[in-house]
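Peer 1: With the sequence up front, the predicted model follows.
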Amino acid sequence: MDNTKNSHPQNALTKSAEPESSKSISRRNLLKTVPSAATLLLPTASWAQQSKTAPAHDGLDLPVLAQPDLVFAFLSDAEPERHVLSRTGSSWTGSNAATSIKVDFIAAAQQAAIAIESLTAHVQRIHLRWKRRLPAEALVLGDAWERSYGDLEWKPLQAERVLPWYAMLHTQGQTSGMGVKTGAAAFAFWQADPSGISLWLDVRNGGNGVSLGNRKLQAATIVQCRGAKDESAFAVTQRLCRAMAQGTRVPAMRGAIPVDVIYGSNDWYYAYGQNTHDGILRDADLVSSLAPPGGIKPFTVIDDGYQDAARFPSLSKLASDIRSRNVIPGLWIRPLRASSSTPQNLLLPDSRYSASANDPAPLAYDPTIPEALHAIASVAAEACAWGFDLIKHDFTTWELFGQWGSQMGASPTRGNWHFNDRSLTNAEIVTALYRQLRAACGEDRIILGCNTMGHLSVGLFDASRTGDDTSGKEWERTRRMGVNTLAFRLPQHKVFCSIDADCVAITPDVPWSMSRQWLKVVASSGTVLLISPDPKAIGPEQRKALRTAFEICVGKEGREPLDWINTRTPAAWRSFDLIEAYEWILEEGESPFPIGIQRGPD
């Protein structure tokens, strides 16, 4: 997410890669009527998990498709009350104050479905626990709630560690994984420790318990994947992601535009909100001149700053001028942001935001209110009406829940608050919002989500910014954020969507020796490649490298990080039989100090 916004020479390795083992401990028109959030939820889809035959390995033979050994329900609003549930067949029920709680765990050979009923009690969370001894030397990898923040890595078992959406375990050349299917009605995370596995389903509404009434909530579906001996952990993670998304249609085209090759420009990391009409057209001219002839068209995405009419007198004309250069026009929007004149009854409560009194809560629409949802969708519809074919929307998770992903931990939102419609879970509200943004944009435009929950946008958004901001000012931010998210979320690429590890900034402030390597690895990964080209830093050498990078990107190559078990910023990458090494560390070393979340005043 572009959250700094106001107003918002590589050497080929000669040796073969060693197998991963215990040796390496290693983002049209608006509909006339806007439906309620409840009618926008994704339908449940059937699936059949495809997996390779793998020999049994007791240590990583995960039990999560079998009935759990323990189930707990957390009820009430501000202060949750924990209740132990008792099992009868495939159902778990409570007693006393929890008599209306029922959790069904329907186990099958390839998946297990979890449903929740609670006629009167407000449900916050369900905790499922499987008792199973896990290898003490196992390494564990989880995902991120929304974007990652340079923090994804394989680590030893850590009992309190929160593993959002899925968890991978690796030991002695063997890898297994478990996750919840995309489009779940709960925010789900795992825990793994030497004594067993936990799955937590956060079904709150805001910070309070959800009021289900007589509705049966299909909360989540568990899938798992076990790799063959010495099958790479990367390949097993890819297979788990395919199982998680199985049954959801992911379009390959939006109108006449393929969604698996997105490359071009985005001005943020050289303009930082001070972009201009002429500067945008200069970017479009650049990418047009460097695009492979007769191939897939590049994009020019206009980032924040275009709201200044003095600099951007006509966005419709600008979109047309970009298109006349054989480039596809794109636009950044922030649809949940509300103005100070917005009626209070359309806004989310300030209590969702836990920062200091000197940092007021952002004004944001409550998407469970039809009039507010209409206002949200109107922002996307307006961008489409101007003629933009790629819509990049931003800030929705932070504005909904008052936290960045790196701050969420086990609680994606905090505080004693709820949405206007208390009958839906937070996950259902997010999914309904995403569906409405898709409806507003129509089926023929590309949507790139930023600060979004990728596991809830599969089939709805075509691309997703998967990490916190890179930088046009300091290399260290790109190294920590960009390289990390590219490597660790690459298994989701072209499965959930096209992943966007963020822009390649080519500016005087970032050494070209580093930007050149970042350009090459992003291009050869086959992921979204958007450059931020400061004209002061673009010379013949940069033009030549960009032309080559665009050719590689359009050629749809792929990369796999080979040393991702050892490091947060993998340096060894393989494509087919070619192995290349990258040097991500500056000569003087890198900063030991926190770089923080990039965000400017609103």
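Peer 2: Sure thing, it's come through.
Peer 1: where are the low-confidence patches of the protein?
Peer 2: 1-58, 356-357, 597-602 (pLDDT under 70).
Peer 1: what's near enough to touch the residue positioned nearest the centre of the chain?
Peer 2: Geometric centre of the chain, nearest residue: residue 454, 3.6 Å, by Cα atoms, centre = their mean. Contacts for residue 454 (Cβ atoms under 8 Å, 6 or more residues apart in numbering) come out as 146, 461, 464, 466, 492, 496, 497. C-beta here means a position set from N, CA and C on the backbone, and glycine is covered the same way.
Peer 1: does residue 281 count as helix, strand or coil?
Peer 2: What DSSP: H, G, I helix; E, B strand; the rest coil gives for residue 281 is helix.
Peer 1: Assess the claim that it and residue 323 are in contact.
Peer 2: No: at 11.3 Å, residue 281 and residue 323 do not qualify as touching, with contact defined as Cβ atoms under 8 Å.
Peer 1: Isn't residue 111 up against residue 225?
Peer 2: No: using Cβ under 8 Å, residue 111 is not in contact with residue 225; the gap is 11.3 Å.
Peer 1: more neighbours, the two?
Peer 2: Taking neighbours as other Cβ atoms under 10 Å, residue 111 and residue 225 compare with residue 225 leading, 26 against 20.
Peer 1: pretty sure that one is in a strand, no?
Peer 2: Yes: under three-state DSSP, residue 225 sits within a strand.
Peer 1: Can you name the helix or strand that the nearest residue to it once chain neighbours are set aside falls in?
Peer 2: Closest residue in space to residue 225, ignoring its immediate chain neighbours: residue 240 at 4.1 Å, by Cβ to Cβ, 6 or more residues apart in numbering. Counting by DSSP states H and E, the secondary-structure element that holds residue 240 is helix 233-245.
Peer 1: from the chain's centre, how far out does that helix sit?
Peer 2: In terms of Cα atoms, centre = their mean, to the nearest Å, the centre of helix 233-245 is found 16 Å from the chain centre.
Peer 1: Sketch out the helices for the chain, chain order is fine.
Peer 2: Taking DSSP state H to define them, one finds helices in the chain at 233-245, 268-271, 277-290, 315-323, 370-385, 396-401, 405-408, 426-441, 475-477, 484-489, 512-525, 540-554.
Peer 1: quick one: which of these is nearest residue 562?
Peer 2: Relative to residue 562, the nearest member of the helices of the chain by Cβ to Cβ is helix 233-245, separated by 8.4 Å.
Peer 1: Might you report the residue contacts of the spatially closest residue to residue 502 that is not a sequence neighbour?
Peer 2: Spatial nearest neighbour of residue 502, excluding adjacent residues (Cβ to Cβ, 6+ apart): residue 470 at 4.3 Å. Residue 470 makes contacts with 269, 477, 478, 481, 482, 501, 502, 503, 504, 505, 518, as judged by Cβ under 8 Å, 6+ apart.
Peer 1: which of these lies closest to residue 358?
Peer 2: Among the contacts of residue 470, and counting by Cβ to Cβ, the member closest to residue 358 is residue 477, at 25.2 Å.
Peer 1: What's the separation between that closest one and residue 468?
Peer 2: 8 Å (Cβ to Cβ, to the nearest Å).
Peer 1: and what of residue 91?
Peer 2: According to Cβ to Cβ, residue 91 stands 42 Å off from residue 468.
Peer 1: Comparing those two, which shows the higher neighbour count?
Peer 2: Here residue 91 and residue 468 are compared on neighbour count by other Cβ under 10 Å; more neighbours surround residue 468, at 30 against 16.
Peer 1: my guess is that one meets residue 146, correct?
Peer 2: No: counting by Cβ under 8 Å, residue 146 is not a contact partner of residue 468; they are 9.7 Å apart.
Peer 1: May I have stretch 508-523 as PDB, with CA atoms only?
Peer 2: Once non-C-alpha atoms are left out, stretch 508-523 reads as follows in PDB (Å, rounded to 0.1, in the frame of the first residue of the first chain):
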ATOM      1  CA  PRO A 508      19.100   9.400  -7.800                       C
ATOM      2  CA  ASP A 509      18.700   8.500  -4.100                       C
ATOM      3  CA  VAL A 510      18.800   4.700  -4.600                       C
ATOM      4  CA  PRO A 511      22.000   3.100  -5.900                       C
ATOM      5  CA  TRP A 512      21.400   1.900  -9.500                       C
ATOM      6  CA  SER A 513      23.500  -1.200  -8.600                       C
ATOM      7  CA  MET A 514      20.700  -2.200  -6.200                       C
ATOM      8  CA  SER A 515      17.700  -1.000  -8.300                       C
ATOM      9  CA  ARG A 516      19.100  -2.900 -11.300                       C
ATOM     10  CA  GLN A 517      19.100  -6.200  -9.300                       C
ATOM     11  CA  TRP A 518      15.600  -5.500  -7.900                       C
ATOM     12  CA  LEU A 519      14.400  -4.800 -11.400                       C
ATOM     13  CA  LYS A 520      15.800  -8.100 -12.700                       C
ATOM     14  CA  VAL A 521      14.500 -10.400 -10.000                       C
ATOM     15  CA  VAL A 522      11.000  -8.800 -10.100                       C
ATOM     16  CA  ALA A 523      10.900  -9.100 -13.900                       C
END
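Peer 1: buried ones in that stretch?
Peer 2: Buried residues in stretch 508-523, counted by 16 or more other Cβ atoms under 10 Å: 510, 512, 514, 515, 516, 517, 518, 519, 520, 521, 522, 523.
Peer 1: Can you lay out those as JSON lines showing distance to residue 201?
Peer 2: Output for the buried residues of stretch 508-523, formatted as JSON lines (distance: Cβ to Cβ, whole Å):
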{"residue": "510", "distance to residue 201": "42"}
{"residue": "512", "distance to residue 201": "48"}
{"residue": "514", "distance to residue 201": "42"}
{"residue": "515", "distance to residue 201": "42"}
{"residue": "516", "distance to residue 201": "45"}
{"residue": "517", "distance to residue 201": "41"}
{"residue": "518", "distance to residue 201": "38"}
{"residue": "519", "distance to residue 201": "41"}
{"residue": "520", "distance to residue 201": "41"}
{"residue": "521", "distance to residue 201": "37"}
{"residue": "522", "distance to residue 201": "35"}
{"residue": "523", "distance to residue 201": "39"}
